[in-house]
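Participant: show me the folded form of this:
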Amino acid sequence: MTAVDDDFLPTEPSGRLERAELRDDVPAALRLGAILAVVGLPLGALWALLAPVVHVVALPGGGSGSPAGEADHAFDAVAIHLLLVASYGVIAGAVAWRRRHRRGPVVLVALVAGALLGGWLCGRVGAMLAWAASPVPVLVDPAAIGTAGVPGAPVPAVLTSLPPSPGPWWIALVAGLGAALAYVLAAIVDGHEDMGRDTG
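Facilitator: Below you'll find the model as predicted:
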């Protein structure tokens with residue numbers, strides 16, 4: 001066989017991960033997924049501290065209403081949860097990418113699964129830890145809370161607060177999406193077939 005023939009023969013692409021290397025990645029990937037899931041617990045506690053409660057005024061006779069701007073707090077609580085889990089996912093993806101000796105599809109799968117579970121736990125723990133203030137007696141103007149009444153004639157009422165809600169369960173998908181995007185974009189920017197994996 002000539003040297004010219006050698007140049008045109010198909011060769012095994014360099015940089016491919018072997019099955020043995022992928023199997024070796026499984027324990028580290030499982031640890032990464034477990035750590036990411038556990039991080040969702042304090043993240044939920046942080047959300048419970050940051051999320052605003054919604055104040056509700058209960059009037060005599062069974063009427064109720066919310067002061068101006070209070071209805072927006074329900075949206076604020078969901079938005080804070082969304083931003084927390086999105087940031088968590090992106091940071092998790094960046095941290096996983098820094099582990100050069102374990103870069104690969106196994107770590108990517110564990111990263112996404114761990115971020116999804118962590119984001120879901122964040123919402124559940126946050127909902128359990130969300131607090132509501134004790135009812136307090138107040139004097140309110142019924143017109144100020146959107147109910148019928150003569151402006152300027154305050155009436156006794158009870159001010160209560162509803163605990164914030166983290167929103168629907170599928171917000172956890174944002175954590176997995178953020179983690180996957182951060183990891184895949186880093187691999188694209190790296191440009192190597194083996195993703196710059198350190199084999200040493």
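Participant: count the residues that sit near the closest residue to residue 36 other than its chain neighbours.
Facilitator: Among residues not flanking residue 36 along the chain, residue 114 sits closest, at 3.1 Å (CB to CB, 6 or more residues apart in numbering). Placement of C-beta: from N, CA and C, glycine included. Residue 114 has 28 neighbouring residues, counting by other CB atoms under 10 Å.
Participant: who are the packing partners of the helix or strand containing residue 45?
Facilitator: Assigned by DSSP states H and E, residue 45 falls within helix 19-50. Counting contacts by 3 or more CB pairs under 8 Å, 6 or more residues apart in numbering; DSSP states H and E, helix 19-50 packs against helix 72-97, helix 105-129.
Participant: got the ones you listed as a markdown table, with mean pLDDT and distance to residue 44 columns?
Facilitator: Output for these, formatted as a markdown table (pLDDT from 0 to 100; distance: least, CB to CB, whole Å):
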| stretch | mean pLDDT | distance to residue 44 |
| --- | --- | --- |
| helix 72-97 | 93 | 9 |
| helix 105-129 | 94 | 3 |
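Participant: so residue 157: helix, strand or coil?
Facilitator: strand (DSSP: H, G, I helix; E, B strand; the rest coil).
Participant: and it, what does it touch?
Facilitator: By CB atoms under 8 Å, 6 or more residues apart in numbering, residue 157 lies in contact with 57, 58, 59, 60, 137, 138, 139, 140.
Participant: which among the residues you listed end up buried?
Facilitator: When the contacts of residue 157 are checked for burial by 16 or more other CB atoms under 10 Å, the buried set is 57, 58, 59, 140.
Participant: so residue 78 sits right up against residue 171, yeah?
Facilitator: Yes. Here residue 78 reaches residue 171: they are 7.4 Å apart, a contact under CB atoms under 8 Å.
Participant: OK, contacts around the residue positioned nearest the centre of the chain?
Facilitator: Nearest residue to the geometric centre of the chain (CA atoms, centre = their mean): residue 85, 1.5 Å. Listed by CB under 8 Å, 6+ apart, the contact set of residue 85 reads 43, 119, 122, 123, 171, 172, 174, 175, 178.
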